[in-house]
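Student: Next one to model:
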Amino acid sequence: MAKEALTKIKLQVTGGQATPAPPVGPALGQHGVNIGQFVTQFNEKTKDSPGMLLPVEISVFKDKSFTFIIKSPPAAVLLKKAAGIAKGSSEPNREKIGVVTGAQIEEIAKIKMPDLNVNKLEMASRIIEGTAHSMGLKVEG
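Tutor: Numbering: from 1, shown residues only. Next up is the predicted model:
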């Protein structure tokens with residue numbers, strides 16, 4: 001028999017660096033989840049991507065046990081890393097602050113493919129291009 005789900009919690013946590021401090025502690029504590037156990041398991045699974053912001057979806061069950069799914073990093077984070085910028089443009093339609101190549105867009109699309117609602121790499125690339133434009137990045141190639 002399957003466990004009865006109590007709730008789902010969605011957080012964005014830095015890979016390999018989860019701590020019981022906010023946002024993790026309060027979000028899990030209010031549902032009675034063992035915070036230390038989650039932090040240990042999360043850090044173990046994400047030790048290969050330190051410093052990368054990762055969305056995680058935690059399913060909490062009635063017996064206070066939990067499972068979690070780690071998703072791919074947000075497209076904006078990957079684009080900022082590819083372009084070598086700290087943040088997006090405050091006026092993306094006027095001020096272009098960086099450049100990404102078509103190859104970089106395609107690589108990011110491959111990473112994001114499982115989390116996007118598309119089945120072709122071309123369509124995923126178009127979504128990532130749109131994100132780049134809205135951040136004030138120029139797409140070349």
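
Student: Make sure residue 55 is actually in contact with residue 71.
Tutor: Yes: checked against C-beta atoms under 8 Å, the pair residue 55 and residue 71 is within contact range at 4.3 Å. For every residue, glycine as well, the C-beta is placed using N, CA and C.

Student: what's near enough to touch residue 103?
Tutor: When contacts are counted by C-beta atoms under 8 Å, 6 or more residues apart in numbering, residue 103 is found next to residue 141.

Student: Now it: which helix or strand?
Tutor: helix 102-112 (DSSP states H and E).

Student: Of all the residues in that helix, which ones are buried?
Tutor: Of the residues in helix 102-112, those with enough neighbours to count as buried (16 or more other C-beta atoms under 10 Å) are 104, 105, 106, 107, 108, 109, 112.

Student: Let me see the ranges of the strands in the protein.
Tutor: Counting by DSSP state E, one finds strands in the chain at the ranges 5-14, 53-61, 66-70, 98-101, 137-140.

Student: got CSV for the ones you listed, with distance to residue 76, mean pLDDT and mean neighbour count too?
Tutor: Compiled in CSV, the strands of the chain are given as follows (distance: least, C-beta to C-beta, whole Å; pLDDT from 0 to 100; neighbours: other C-beta atoms under 10 Å):
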stretch, distance to residue 76, mean pLDDT, mean neighbour count
strand 5-14, 11, 85, 15
strand 53-61, 9, 87, 18
strand 66-70, 18, 87, 15
strand 98-101, 12, 86, 18
strand 137-140, 10, 86, 16
